[in-house]
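Peer 1: Need the 3D shape of this:
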Amino acid sequence: MKTGHYDAIVIGAGQAGVPLSVSLGQAGRRTALLERAFVGGTCINYGCTPTKTMVASGRVAYLAGRAADYGLRVGSVEVDMRAVRQRKREVVESFRESTRRQVESASNVDLIFAQAAFCGERTIRLDGGREGASADLSADLVFINSGCSPARPAFLEGLPVLDSTSVMELDEVPGHLIVLGGGYVGLEFAQLFRRLGSQVTVVQRGPQLLVQEDPDVAEAVAAILSQDGVEVLLQASALGAAQGKDGSITLDVRAPEGERTLVGTHLLAAAGRTPNTADLSLESVGVEIDDQGYIKVDNRLQTSAPGVYALGDIKGGPAFTHISYDDFRIIRTNLLEGGSATTDGRLVPYTVFIDPQLGRVGMSETQARAEGRQVRVAKQPMTSVARAVEVDESRGLMKAVVDAESSEILGCAILGIEGGELMALLEVAMLGGLRYPVLRDAIFAHPTLAESLNNLFGSFVE
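Peer 2: Modelled structure (predicted):
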């Protein structure tokens with residue numbers, strides 16, 4: 001294990017920590033990258049890569065089941081859950097090892113596997129490394145990129161409850177999967193396992209799924225899931241859970257219709273994540289955290305402790321890989337390129353990988369009106385999109401919000417086939433400052449999904 005003083009220490013080999021370490025090393029700064037588990041962070045190991053790999057299997061099962069809709073006859077679809085899991089594992093291992101090789105080949109970077117905690121000003125104590133050794137490291141700058149972990153509600157302690165990591169290690173399709181939480185993680189798994197053959201019930205405490213979305217978009221998502229056979233319970237509070245003698249899981253809920261007991265073979269807790277700050281001893285060096293445990297930072301990602309920065313999910317805010325990577329770019333710009341980048345005003349795009357996808361960027365209608373904006377709302381169903389109809393993938397809707405006076409595009413939600421890609425087109429337009437009439441009147445190739453923007457911006461509902 002390496003010891004001594006570094007120019008920089010990066011805690012966590014996630015989607016900000018890896019490129020930051022490599023960039024620092026390339027700039028001639030001796031850097032220690034500390035990781036307690038696997039290189040690649042949540043994205044590669046537990047999040048984006050494995051989930052989207054499994055979602056792809058679910059989509060193939062879905063399309064095979066719809067073969068008759070396209071005039072084709074196929075046999076019954078059988079799911080080999082072990083094969084689905086193995087494919088996921090192989091893709092994850094490929095991405096993980098590729099990232100590790102990138103770090104190990106970088107100049108001036110020491111990759112150290114150990115648990116890290118502060119023991120003094122910009123000084124880190126390493127305990128229980130893979131070689132069983134311990135050491136203290138110090139640095140001029142410290143960057144924290146240690147991410148988050150799935151949260152487990154207290155009332156589920158002691159029960160065999162799945163989380164977003166363990167659910168992907170199942171070797172059989174659940175008979176009845178109860179999903180606690182109606183956010184993007186819960187919904188992706190709900191639809192995935194329904195398509196693989198599970199009975200699925202989603203329990204959501206609030207009045208709608210995806211609480212950050214406009215109500216009409218959330219209702220459309222719920223309708224699609226219901227059409228796929230997922231039972232959605234809204235305004236349903238979990239009262240308690242227990243395990244039956246046969247291994248089943250019961251969940252007592254209170255909904256507007258009254259109290260009800262759900263009986264499932266598996267229970268997935270998908271109601272939030274917890275920042276990995278508890279073991280870092282942040283209070284000993286004056287790094288402030290909020291009441292949820294997230295590290296407080298300014299718009300340049302500086303914490304309350306001099307020379308200590310936080311990047312990615314650990315600082316709260318949008319928990320997306322692309323935001324973690326942009327955090328890295330902000331640090332690189334300011335530290336290595338003499339720039340003055342901040343988090344102010346950056347667009348936050350994301351895609352919920354249900355099928356059809358939900359792509360979102362910018363303001364929702366609810367957010368825009370809450371700010372007192374005078375807006376116009378453009379909206380059309382995907383049944384009005386020729387390409388979607390031609391491939392028989394016409395579920396969902398398109399919605400955009402524009403400034404009523406300037407015609408500036410403020411945001412959009414695209415729930416439809418390749419919704420994330422369509423959203424990205426609008427994001428590019430927003431980044432370029434294009435007003436909506438440019439897209440309304442543009443010539444797009446026919447028949448493509450992109451040409452739907454012509455009709456969308458000619459379909460203002462208010």
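Peer 1: host element of residue 325?
Peer 2: helix 321-336 (DSSP states H and E).
Peer 1: list the buried ones in that helix?
Peer 2: 321, 323-332, 334-335 (16 or more other C-beta atoms under 10 Å). Every C-beta, even on glycine, is put in place using the N, C-alpha and C of the backbone.
Peer 1: could I get these as TSV with distance to residue 410 and pLDDT?
Peer 2: Output for those, formatted as TSV (distance: C-beta to C-beta, whole Å; pLDDT from 0 to 100):
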residue	distance to residue 410	pLDDT
321	24	97
323	20	98
324	25	98
325	24	98
326	20	98
327	24	98
328	27	98
329	24	98
330	24	98
331	29	98
332	29	98
334	28	98
335	33	98
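Peer 1: Serialize those to JSON lines and add fields for distance to residue 166.
Peer 2: Listed next are the buried residues of helix 321-336 as JSON lines, based on distance: C-beta to C-beta, whole Å:
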{"residue": "321", "distance to residue 166": "21"}
{"residue": "323", "distance to residue 166": "25"}
{"residue": "324", "distance to residue 166": "23"}
{"residue": "325", "distance to residue 166": "27"}
{"residue": "326", "distance to residue 166": "30"}
{"residue": "327", "distance to residue 166": "28"}
{"residue": "328", "distance to residue 166": "29"}
{"residue": "329", "distance to residue 166": "33"}
{"residue": "330", "distance to residue 166": "34"}
{"residue": "331", "distance to residue 166": "33"}
{"residue": "332", "distance to residue 166": "35"}
{"residue": "334", "distance to residue 166": "39"}
{"residue": "335", "distance to residue 166": "38"}
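Peer 1: Of these, just say which sits nearest to residue 84.
Peer 2: residue 321 (22.6 Å; C-beta to C-beta).
Peer 1: Quick check: pLDDT value at residue 135.
Peer 2: Listed pLDDT for residue 135 reads 88.
Peer 1: and it, bridged to which residues?
Peer 2: Per DSSP bridges, the residues bridged to residue 135 are residue 126.
Peer 1: Roughly how far does residue 126 sit from residue 175?
Peer 2: 45 Å (C-beta to C-beta, to the nearest Å).
Peer 1: Looking at the two, which is more packed in?
Peer 2: A direct count of neighbours by other C-beta atoms under 10 Å for residue 126 and residue 175 places residue 126 higher, at 23 against 12.
Peer 1: Pretty sure that one sits against residue 119.
Peer 2: No - Residue 126 is beyond contact range of residue 119, at 9.7 Å (criterion: C-beta atoms under 8 Å).
Peer 1: Please identify the nearest residue in space to the residue nearest the centre of the chain, excluding sequence neighbours.
Peer 2: Central residue of the chain (C-alpha atoms, centre = their mean): residue 320, 4.9 Å from the mean position. Once flanking residues are discounted, residue 320 sits nearest to residue 350: 5.5 Å by C-beta to C-beta, 6 or more residues apart in numbering.
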